[in-house]
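1. 3D model of this:
(one chain, ligands or ions: 2)
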Amino acid sequence: MYIAIEGIDTAGKSTQIAALKKHFPQAVTTKEPGGTEIGKEIREMVLSAKTKSKRAEFLLFLADRAEHIKEVIEPNLHKVIISDRSAVSGVAYALIQEDIDTKDLVYLNDFATKKIYPKKIFLLRLTKEELEFRLSQKELDGIELRGSEYLLQIQESIKKASELLGLTLIEIDATKPINEITEEILSNINN
Ligand SMILES: Nc1ncnc2c1ncn2[C@@H]1O[C@H](COP(=O)(O)OP(=O)(O)O)[C@@H](O)[C@H]1O
Ligand SMILES: Cc1cn([C@H]2C[C@H](O)[C@@H](COP(=O)(O)OP(=O)(O)O)O2)c(=O)[nH]c1=O
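-> Ligands and ions are numbered 1, 2, ... in the order given. Sure, this is the predicted structure:
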């Protein structure tokens, strides 16, 4: 089963994936961007935020996604795959940044993913206060430097993105204690 953990920066995705790995030691854990060799290079490029064109940035993320699907997701669909982000992030961030028609956003992600999408998607939802606290605790990358208001817009956009892709989102309060979130995810996976 292909599972995606979604959420804005600092929502707790990496933390939950590490906790879930203890429950699914055989699971394939991965991420977007950067889940493949080429993806690591693309991640460096996009996190540097050097692209002047938001469309170019969007296409770089699509290239990362196409390689991720081919190299990691498709060959392991018979296993449990837990991915830190997915095409849902791709559409969500693009919806905010770019004047790309939504039907093109969906078509281009269908093209990159060959319509291979997560079967379960968990959105770790942060409050403004908690987001700002967590951002204050780390060095910000080029995208995080766009600020908390921008990231909270993204959080709302993640819901719209999953609807556009025809995918069901399971929303979880990311301000809860780590173990409670893990238990909530596990109970949804096992249902
Ligand atoms: N449920 C939680 N409660 C409090 N702090 C958390 C929780 N989950 C994660 N954190 C902390 O928030 C920060 C960001 O977590 P991380 O898993 O790196 O988020 P992401 O991968 O979504 O960017 C880390 O310092 C982590 O320890
Ligand atoms: C997958 C994806 C991520 N992004 C953004 C989300 C993050 O800000 C950044 C990826 O950096 P990453 O370190 O994965 O974010 P996080 O802090 O959540 O771990 O790129 C897009 O803009 N488009 C995409 O398609």
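2. Please report how far the closest residue in space to Glu57 that isn't next to it in sequence lies from ligand 1.
-> The shortest distance from Glu57 to any non-neighbouring residue, by CB to CB, 6 or more residues apart in numbering, is to Thr51 (4.4 Å). For every residue, glycine as well, the C-beta is placed using N, CA and C. Per CB to the nearest ligand atom, to the nearest Å, Thr51 is found 21 Å from ligand 1.
3. model confidence over the longest helix seen in the chain, on average?
-> Secondary structure of the chain per DSSP state H: the longest helix is helix 148-164. For helix 148-164, the mean per-residue pLDDT is 95.
4. Now do the buried residues in that helix.
-> Ser148, Leu151, Leu152, Gln153, Ile154, Gln155, Ser157, Ile158, Lys159, Ala161, Ser162, Leu164 (16 or more other CB atoms under 10 Å).
5. which ones are touching the residue nearest to Glu57?
-> Met45, Glu57, Leu60 (CB atoms under 8 Å, 6 or more residues apart in numbering).
6. Can you flag which of those residues belong to helices?
-> Met45, Glu57, Leu60.
7. top of those by neighbour count?
-> Glu57 (21 neighbours; other CB atoms under 10 Å).
8. Next, find the distance separating that residue from Leu47.
-> Distance of Glu57 to Leu47, computed by CB to CB, to the nearest Å: 10 Å.
9. Stretch 147-164 vs ligand 2: in contact?
-> No - using CB under 6 Å from any ligand atom, stretch 147-164 never reaches ligand 2; the gap is at least 7.7 Å.
10. and that stretch, C-alpha only, in PDB?
-> Listed in PDB are the C-alpha atoms of stretch 147-164, where the atom choice follows Å, rounded to 0.1, in the frame of the first residue of the first chain:
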ATOM      1  CA  GLY A 147       6.900  32.800   5.800                       C
ATOM      2  CA  SER A 148       4.100  31.400   8.000                       C
ATOM      3  CA  GLU A 149       1.200  33.100   6.200                       C
ATOM      4  CA  TYR A 150       2.400  31.500   2.900                       C
ATOM      5  CA  LEU A 151       2.800  28.100   4.500                       C
ATOM      6  CA  LEU A 152      -0.700  28.300   6.100                       C
ATOM      7  CA  GLN A 153      -2.100  29.100   2.700                       C
ATOM      8  CA  ILE A 154      -0.300  26.000   1.400                       C
ATOM      9  CA  GLN A 155      -1.900  24.000   4.200                       C
ATOM     10  CA  GLU A 156      -5.400  25.000   2.900                       C
ATOM     11  CA  SER A 157      -4.200  24.300  -0.600                       C
ATOM     12  CA  ILE A 158      -3.300  20.700   0.300                       C
ATOM     13  CA  LYS A 159      -7.000  20.000   0.800                       C
ATOM     14  CA  LYS A 160      -7.900  21.600  -2.500                       C
ATOM     15  CA  ALA A 161      -5.100  19.700  -4.200                       C
ATOM     16  CA  SER A 162      -6.300  16.300  -2.900                       C
ATOM     17  CA  GLU A 163      -9.900  17.100  -4.200                       C
ATOM     18  CA  LEU A 164      -8.500  18.100  -7.600                       C
END
